[in-house]
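1. pasting the sequence and the predicted coordinates here, then a few questions.
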Amino acid sequence: MRIITVGLGLRAVSVLERLQAHMSEAEVVAYVDPNSYQIERLRNHETIRSYSALETMLANEQADLLFVGSPNHLHLEHIRLGLKAGVRMFAEKPVVISMDETLELAELLSHHGADRVLVGLVLRYAQHARDLRGAQAAGQIGDVVSIEANEHIAPYHGAFFMQDWRRYTRYSGGFMLEKCCHDLDIYNMVTGSRPSRVASFGGRKSFTPENAPPRETDTQVYHEKASIGKLHRTRSAQMLTS
């Protein structure tokens, strides 16, 4: 299987590396990214060709799959180009970042076929989610009357999202969409329904300067998280759309 990818950052490399570990036939042949991250982790990294624009790569490569691993706000345009080129795609979550983009994507898929884009909502494929679906199908779980769902992430995990382009809603679609779209997907799956109303509340009352632990006694996780994307943030936005 010949794979081309638009966006080759930490997430894309991690997913492609695991894909190659489980599929001996998976070969990454080309990519578009001005500042690729740890490409040497990929099995055939010495032969992977680099392109400066997605259109050029699509025109010059015979691919079985286009991996869309670019920043979220670029997904729709990259999917549009992939559909036009007739290539099947795997799009990382979240697929798009707004309701308007969702409707535009739905229109594109109605024309080209919904099976042209595989969606990377990761919890759909996690073992515990598969077990849950199996238990429901086997009748081991009764009717769902309520769900209480909490995710307590470590400070390091939260710092990761707040140290690169993901902290900007215009790029990511917002923290809840970037971080929790696959969780919400599981809730829809468990209930077999979609929400009719949504309410949300939150604030920034905990991680404030006055609550910061002393540097001499605390690990660095509360104070800093090295980002791999300082150059990547600006160059990707400029060159991936060129």
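-> Here it is on my side, so go on.
2. list the buried residues of the top helix by length along the chain.
-> Ranked by residue count and defined by DSSP state H, the top helix of the chain is helix 175-191. Buried residues in helix 175-191, counted by 16 or more other Cβ atoms under 10 Å: Leu177, Glu178, Lys179, Cys180, Cys181, His182, Leu184, Asp185, Ile186, Met189, Val190. For glycine as for every other residue, the C-beta is placed from the backbone atoms N, C-alpha and C.
3. which strands or helices does that helix pack on?
-> helix 127-137, helix 155-161 (3 or more Cβ pairs under 8 Å, 6 or more residues apart in numbering; DSSP states H and E).
4. switch the cut-off to 10 Å
-> strand 117-120, helix 127-137, helix 155-161, helix 169-172 (3 or more Cβ pairs under 10 Å, 6 or more residues apart in numbering; DSSP states H and E).
5. Ala63 is nearest to which of these?
-> strand 117-120 (13.9 Å; Cβ to Cβ).
6. in the chain, which spans are helices?
-> 10-22, 54-60, 75-85, 99-112, 127-137, 155-161, 169-172, 175-191, 230-239.
7. quick one: list the elements packing against the second one.
-> Okay, so that is helix 54-60. So helix 54-60, by 3+ Cβ pairs under 10 Å, 6+ apart, packs with strand 2-6, strand 27-32, strand 49-51, strand 65-68, helix 75-85.
8. swap in 6 Å and give it another go.
-> Counting contacts by 3 or more Cβ pairs under 6 Å, 6 or more residues apart in numbering; DSSP states H and E, helix 54-60 packs against strand 27-32, helix 75-85.
9. quick one: contacts of it?
-> Helix 54-60 is contacted by residues Ile4, Val6, Ala30, Val32, Tyr51, His78, Leu81, Ala85 when judged by Cβ atoms under 6 Å, 6 or more residues apart in numbering.
10. same thing but at 8 Å, please
-> 4, 6, 30-32, 51, 66, 78, 81-82, 85, 87, 240 (Cβ atoms under 8 Å, 6 or more residues apart in numbering).
11. closest to Leu118 among those residues?
-> Set against Leu118, the nearest of those by Cβ to Cβ is Leu66 (10.3 Å).
12. beta partners for that closest one?
-> Per DSSP bridges, the residues bridged to Leu66 are Ile4, Met89.
13. ok, it - contacts?
-> Counting by Cβ under 8 Å, 6+ apart, Leu66 has contacts Ile3, Ile4, Thr5, Val6, Leu58, His78, Gly82, Ala85, Val87, Arg88, Met89, Phe90.
14. 6 Å instead, please
-> Contacts of Leu66 by Cβ under 6 Å, 6+ apart are Ile4, Gly82, Val87, Met89.
15. tell me how far it lies from Val95.
-> 13 Å (Cβ to Cβ, to the nearest Å).
16. returning to that earlier point: got TSV for the contacts of Leu66, with pLDDT too?
-> Shown next, in TSV, are the contacts of Leu66 (pLDDT from 0 to 100):
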residue	pLDDT
Ile4	98
Gly82	98
Val87	97
Met89	97
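17. of the residues you listed, closest to Thr47?
-> Ile4 (13.0 Å).
18. mind checking how far the closest one is from Pro213?
-> Distance from Ile4 to Pro213, by Cβ to Cβ: 45 Å.
19. fine by me, thanks again.
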